[in-house]
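Peer 1: Quick one: sequence and predicted model below, then my questions.
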Amino acid sequence: MVQEKREAHSTCAFSPERQAKAMCELKDRTSAGLFEPISFRGVTIKNRIGVSPMCQYNSVDGMANDWHLVHLGSRAVGGAGLVMTEATAISPEGRITPEDLGLWKDEQIEPLVKIVRFIKSYGAVPGIQLAHAGRKASTANPWKSKGGRHVKVDLSDQEGGWQPVAPSPLKFQETSRTPHELTIDEIKQIQAKFADGARRAVEAGFSLIELHAAHGYLLHNFYSPLTNQRTDNYGGSFENRIRIVLETLEGMRKVIPDQLPLAIRLSCSDWVEGGWTVDDSVRLAKILKQMDIAFIDCSSGYGVSHARYPHGPGWQVPLSDAIRNGAQVRTAAVGEITTPDQAAEIIASGKADLVFLAREFMREPYWPYKAAKELQLKDAQTLPPNYTYAI
């Protein structure tokens with residue numbers, strides 16, 4: 001695509017008419033890239049538009065319900081190629097809040113089956129993100145809390161809270177509860193629960209599984225030097241700090257079919273001096289490539305409370321660009337991606353293989369239809385016939 005862009009620009013030397021024609025053809029090619037299919041192992045996603053995991057905090061005992069069906073199903077109807085669940089806890093202790101979605105017991109499978117079937121019936125790939133909140137567990141539901149979504153309010157035992165865990169007994173913020181430092185045996189137990197969650201995800205019918213290793217949750221706590229002060233095989237060196245991530249992925253791969261893609265979300269930078277860096281992420285990505293990871297979902301930060309972020313349109317896209325081209329792996333870009341032109345440029349310029357949208361999908365559940373219309377892609381299949389026959 002980048003080579004095509006250079007060739008199209010070279011025609012400008014001929015005539016204004018040929019230049020205009022070339023630029024129109026270029027726009028057609030680069031815009032269409034957003035709607036080109038992409039395959040991972042045995043799964044093909046019909047376009048490059050993904051629904052990023054969005055915590056809903058709307059479950060009782062981890063169970064999916066009608067809210068999740070409508071929330072996720074409407075994005076499949078709207079034309080997204082990949083529809084991801086919110087962070088789904090692999091144990092009760094791994095929840096961010098008591099209202100988190102979960103997959104730690106077999107009873108939680110059946111409510112997800114209905115959602116998965118609906119997503120598939122409208123041509124989208126259903127994906128699930130498996131997570132453990134680590135030291136950021138046992139907090140109040142942010143849309144019920146007086147503190148709001150930007151304030152982390154820890155729950156006491158009297159409020160239904162529980163003891164969070166981490167690689168080291170370091171608080172997330174001054175008011176947080178001190179986490180329990182995991183033993184080696186406890187680490188192995190959590191890894192087994194990730195594998196159990198992956199097995200249940202397969203039983204529920206999900207076509208893609210993403211391991212959540214970002215945002216200050218448990219696995220990020222291990223690989224970031226800011227939150228890991230261990231001196232055993234899971235702390236200290238780069239190799240030791242990433243060990244839990246690699247072992248967890250290996251355990252999950254053993255219990256899922258060969259044709260099912262396994263992806264991972266990383267916090268590709270801590271945005272704090274002395275923390276995890278983009279270079280560290282590239283180094284890890286090269287190892288993950290050898291493990292045949294489908295793609296790396298390139299997010300960042302939220303591991304420590306004092307970090308400051310350069311928020312703005314596409315602010316995390318350079319992370320995806322650096323990792324994709326530095327490690328020669330497939331990536332997903334996320335972070336204030338809102339406009340069709342912006343998303344199309346990210347794909348066309350080789351900065352990512354997928355674009356993930358979250359809040360923009362809350363504002364516009366049919367964003368892919370909007371994108372195809374604005375990019376003048378008349379042949380892009382975005383909406384079901386129930387709608388297209390009328391509009």
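Peer 2: Thanks, I have it. Numbers count the residues shown, from 1 in each chain.
Peer 1: Rounded mean pLDDT for stretch 175-183, please.
Peer 2: Averaged across stretch 175-183, the pLDDT comes to 95.
Peer 1: which residues touch that stretch?
Peer 2: With contacts defined as Cβ atoms under 8 Å, 6 or more residues apart in numbering, stretch 175-183 is touched by 134-135, 138, 152, 154, 161, 163-171, 190, 230. Backbone N, C-alpha and C define where each C-beta goes, glycine included.
Peer 1: End to end on that stretch, go ahead and measure it.
Peer 2: End-to-end span of stretch 175-183 (Cα to Cα, to the nearest Å): 24 Å.
Peer 1: Sort out which residues of it are buried, please.
Peer 2: Buried residues in stretch 175-183, defined by neighbour count with 16 or more other Cβ atoms under 10 Å: 176, 177, 179, 182.
Peer 1: now swap in stretch 112-128 and tell me
Peer 2: Residues of stretch 112-128 classed as buried by neighbour count (16+ other Cβ under 10 Å): 112, 114-116, 118-120, 122-128.
Peer 1: got the contact list for that stretch?
Peer 2: By Cβ under 8 Å, 6+ apart, the surrounding residues in contact with stretch 112-128 are 43-46, 50, 64, 68-69, 72-73, 75-77, 80-85, 88, 103, 201, 204-210, 263, 381, 384.
Peer 1: Filter those residues down to the buried ones.
Peer 2: Buried by 16+ other Cβ under 10 Å: 43, 45-46, 50, 64, 68-69, 72-73, 75-77, 80-85, 88, 103, 201, 204-210, 263, 381, out of these.
Peer 1: Where do the strands of the protein begin and end?
Peer 2: Ranges of strands within the chain are 38-40, 43-45, 49-51, 82-89, 125-131, 165-166, 180-181, 208-213, 262-267, 296-299, 331-334, 354-357, based on DSSP state E.
Peer 1: Name the single longest helix found in the chain.
Peer 2: Using DSSP state H to define each element, the chain has its longest helix at helix 184-204.
Peer 1: counting contacts, what elements does that one pack onto?
Peer 2: Where contact means 3 or more Cβ pairs under 8 Å, 6 or more residues apart in numbering; DSSP states H and E, helix 184-204 is packed against helix 109-121, strand 125-131, strand 208-213, helix 243-254.
Peer 1: Out of those, flag the one nearest residue 225.
Peer 2: In terms of Cβ to Cβ, the element of the helices and strands packed on helix 184-204 nearest to residue 225 is helix 243-254, at 13.9 Å.
Peer 1: so the closest one versus strand 208-213, what angle?
Peer 2: With axes from the mean of the first three to the mean of the last three Cα atoms, to 10 degrees applied, the angle from helix 243-254 to strand 208-213 works out at 160 degrees.
Peer 1: now the angle from helix 243-254 to helix 184-204?
Peer 2: Here the directions of helix 243-254 and helix 184-204 differ by 30 degrees (the same axes, to 10 degrees).
Peer 1: Name the residues of helix 243-254 that are buried.
Peer 2: Neighbour-count burial for helix 243-254 flags 243, 244, 245, 246, 248, 249, 251, 252, 253 (criterion: 16+ other Cβ under 10 Å).
Peer 1: what comes into contact with stretch 133-143?
Peer 2: Contacts of stretch 133-143 (Cβ under 8 Å, 6+ apart): 57, 87, 89, 93-100, 147-149, 151-155, 159, 161-166, 170-172, 176-177, 179, 215-221, 227.
Peer 1: how long is that stretch from one end to the other?
Peer 2: End-to-end distance of stretch 133-143 (Cα to Cα): 18 Å.
Peer 1: buried stuff in it?
Peer 2: Neighbour counts over stretch 133-143 (16+ other Cβ under 10 Å) mark 133, 134, 135, 136, 137, 138, 139, 140, 141, 142 as buried.
Peer 1: Show me how this structure divides into domains.
Peer 2: 1-35, 38-388 (automatic domain parsing).
Peer 1: among those domains, where is the model least confident on average?
Peer 2: By mean pLDDT, the lowest-scoring of the domains of the chain turns out to be domain 1-35, with a mean of 46.
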